[in-house]
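K.L.:
Need coordinates for the following:
(2 chains)
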Protein chains: 2
Amino acid sequence: MTTSSSNSKGKLYLVPTPLDFACDTLTPLTDVLPLATLQTAAKLQHWVCENAKSTRAYLKRVGEICPLLQPLQAVNIQELPREVHKKGDHPGSAGASFDAKPLLAAALNGFDVGLVSEAGMPAIADPGSSVVRAAHDLGITVVPLVGPISLMLALAASGLNGQNFAFVGYLPSDTALLTKRIKELEQLALKTAQTQLFIETPYRNTALLHALISQLQTSTRLAASCGLTLSDMQTRSNKVSVWRQQSHSLPLSLPAVFAIG
Amino acid sequence: MTTSSSNSKGKLYLVPTPLDFACDTLTPLTDVLPLATLQTAAKLQHWVCENAKSTRAYLKRVGEICPLLQPLQAVNIQELPREVHKKGDHPGSAGASFDAKPLLAAALNGFDVGLVSEAGMPAIADPGSSVVRAAHDLGITVVPLVGPISLMLALAASGLNGQNFAFVGYLPSDTALLTKRIKELEQLALKTAQTQLFIETPYRNTALLHALISQLQTSTRLAASCGLTLSDMQTRSNKVSVWRQQSHSLPLSLPAVFAIG
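P.N.:
Numbers count the residues shown, from 1 in each chain, chains lettered A, B, ... in the order given. Sure thing, here's the model as predicted:
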């Protein structure tokens, strides 16, 4: 593949973080990040992130395993603007036109830059894609590093179709719209054999689970994964007819991923 | 979440492998697998896999970092039947009804079992989902471990929408059907802002790239990632109008992931 990036430019590393954001217990980083990811993070002196405070906390944890190249105080951390937090920065969002190029000035000056989000892989179910698009537009090489991605851990653990799947984000909270959307996703899953994955804000986990159990057809398979990579991780996957045999609840403080197929 | 699995049963670990399958140069395992994944793999004495030979090769590499609990010769490795290789074992495939329960006899007897595929995460763009479904049906706890997932590395590196995306597998090789499918996926991506991801057998990489460049609309963004996690990894993401300004080719021996949005 011909590449227009010049060797004098820095690279943009997409750096995954653990999935324990805002959780009571922290996951040892070596449980979820390969050594190469930790070593790269420890070397980077320029960062773009959602929140500087959590990025510093992350780098402090990295430094306990791989000593940071520079003291944390000397690391340059730039936040995506509030605008992006509210509107998103992915294609199709209200903030899609946000120009992230200025955030990559260091890369144009030859320094490698790291992109992180609060949990998991930046730009997947998280902000950051505007920075990646800006990098490509500037001819900056983009290097994704390996780490935990809750959607895929949940998909693999569901036993549902992993050869054809979609992640559709959040479902509506309004009861009538939620019912409509559940039926729509179920029809799509049954008609096309495409697994449909979605997420919910933790405090509504159990409410969504109950809505799914009551509204899906008995022969549809429903999977719910909670606390992925954490010590209290749980995945359950069964036909709806089996889910209906017992009452169920989900922790209301842990992120969950749902899948139907 | 109420779980029906009994403590006396073993667990089913979904164990990711590196993305260097059939590649000339091997990736150091510590580049792509967290220590916890390696330590778990080193302890497991029972495996279900696509191919016993490559599983032994993988375990040999694991053992060079984390000594195996048992000599390799004593590890029990069961292959998914040829039938599954040909027909698939995911819901919607001709082999969806394959009963994998007998492969989990060791777990019912209290031993942990590992599931691996040839590259990346089992049951994602790879066989294995029948084993995961069987585990849930038998009340065996399923634990997905962290490792490289090419589809998500490619998605993050594309700068395309990671809040709504679909993986649709392979596109047809017949020219007329391919053109139809490309137009269909582009319409879907543009109408719903859902990124469409797909893969191709490596020897057709460049042919598919050329078909995409010539048939997509100029304002559509096209991304192609090749050799993810390997030393010669490359990602390019641009509007089709930019792709058309130069001629492009892709390595015909490395797996590629394509995305449009």
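
K.L.:
Can you spell out the domain ranges of chain A, please?
P.N.:
The record's domain parsing of chain A by automatic domain parsing lists A:12-144, A:150-260.

K.L.:
buried ones in stretch A:236-249?
P.N.:
If you call a residue buried by 16 or more other Cβ atoms under 10 Å in any protein chain shown, then stretch A:236-249 has these buried ones: A:236-240, A:242-243, A:248. Yep, even glycine has a C-beta here, placed from its N, CA and C like the rest.

K.L.:
Around the residue in the stretch 151-261 of chain A that chain B sits nearest to, count how many other residues there are.
P.N.:
Per Cβ to the nearest Cβ, the residue of the stretch 151-261 of chain A with the smallest distance to chain B is residue A:193, at 2.7 Å. Residues lying near residue A:193 (other Cβ atoms under 10 Å in any protein chain shown) number 18.

K.L.:
Stretch A:86-98 near chain B at all?
P.N.:
Yes - Stretch A:86-98 is in contact with chain B by Cβ under 8 Å from any Cβ of the partner chain, via A:88, A:90-93.

K.L.:
Tabulate the CA atom coordinates of the worst-scoring helix or strand of chain A on mean pLDDT in CSV.
P.N.:
The helix or strand with the lowest mean pLDDT-type score in chain A, counting by mean pLDDT, DSSP states H and E, is helix A:82-87 (a mean of 88). Taking C-alpha atoms only, helix A:82-87 is exported to CSV below (Å, rounded to 0.1, in the frame of the first residue of the first chain):
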residue,chain,number,x,y,z
ARG,A,82,-16.2,19.4,25.8
GLU,A,83,-18.1,19.8,22.5
VAL,A,84,-16.9,16.4,21.4
HIS,A,85,-17.9,14.8,24.7
LYS,A,86,-21.4,16.0,24.2
LYS,A,87,-21.9,15.7,20.5
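
K.L.:
so where do the helices sit in the stretch 101-250 of chain A?
P.N.:
A:105-108, A:129-137, A:150-158, A:175-192, A:205-215, A:240-243 (DSSP state H, counting those that start in this stretch).

K.L.:
Out of the ones you listed, which one sits most buried?
P.N.:
Most buried of the helices of the stretch 101-250 of chain A, by mean neighbour count (mean count of other Cβ atoms under 10 Å in any protein chain shown): helix A:150-158, with a mean of 28.

K.L.:
Tell me the buried residues in stretch A:162-170?
P.N.:
Of the residues in stretch A:162-170, those with enough neighbours to count as buried (16+ other Cβ under 10 Å) are A:162-168.

K.L.:
Check the residues of stretch A:86-98 next to chain B and tell me the two furthest apart.
P.N.:
Using Cβ to Cβ, the residues of stretch A:86-98 next to chain B reach their maximum pairwise distance at A:88 and A:91, which is 9.5 Å.

K.L.:
So which of these two has more stuff around it?
P.N.:
Taking neighbours as other Cβ under 10 Å, residue A:88 and residue A:91 compare with residue A:91 leading, 23 against 20.

K.L.:
List the buried residues in stretch A:251-261.
P.N.:
Buried, per 16+ other Cβ under 10 Å, within stretch A:251-261: A:251, A:254-261.

K.L.:
Ok, stretch A:44-58 next?
P.N.:
In terms of neighbour count (16+ other Cβ under 10 Å), stretch A:44-58 has its buried residues at A:44-51, A:54-56, A:58.

K.L.:
picking that back up, I'd like the buried residues of stretch A:251-261 laid out as CSV, including distance to chain B, pLDDT and secondary structure.
P.N.:
Listed next are the buried residues of stretch A:251-261 as CSV, based on distance: Cβ to the nearest Cβ, whole Å; pLDDT from 0 to 100; DSSP: H, G, I helix; E, B strand; the rest coil:
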residue, distance to chain B, pLDDT, secondary structure
A:251, 8, 91, coil
A:254, 10, 91, coil
A:255, 13, 92, coil
A:256, 9, 96, strand
A:257, 11, 98, strand
A:258, 12, 98, strand
A:259, 11, 98, strand
A:260, 11, 98, strand
A:261, 6, 97, coil
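
K.L.:
Name the nearest residue to residue A:46, sequence neighbours excluded.
P.N.:
Spatial nearest neighbour of residue A:46, chain neighbours left out: residue A:106 (4.1 Å); criterion: Cβ to Cβ, 6 or more residues apart in numbering or on different chains.

K.L.:
From chain B, how far out is the one you found?
P.N.:
Distance, residue A:106 to chain B, by Cβ to the nearest Cβ, to the nearest Å: 18 Å.

K.L.:
For that residue, which residues are in contact?
P.N.:
A:10, A:46, A:76, A:113 (Cβ atoms under 8 Å, 6 or more residues apart in numbering or on different chains).

K.L.:
since we're on the last one, how many residues are nearby?
P.N.:
One way to gauge burial is a neighbour count; for residue A:113, by other Cβ under 10 Å, it gives 25.

K.L.:
List the residues that contact it.
P.N.:
A:10-13, A:44, A:46-48, A:104, A:106-107.

K.L.:
tell me the contacts of residue A:211?
P.N.:
So residue A:211 contacts A:178-179, A:182 (Cβ under 8 Å, 6+ apart).

K.L.:
Out of these, flag the one nearest to residue A:24.
P.N.:
residue A:178 (29.2 Å).

K.L.:
Isn't the closest one up against residue A:170?
P.N.:
No - Residue A:178 lies out of contact with residue A:170 (Cβ atoms under 8 Å); the separation is 10.3 Å.

K.L.:
Mind listing the shared neighbours of the two?
P.N.:
With Cβ under 8 Å, 6+ apart, residue A:178 and residue A:170 have no common neighbours.

K.L.:
Thank you, goodbye.
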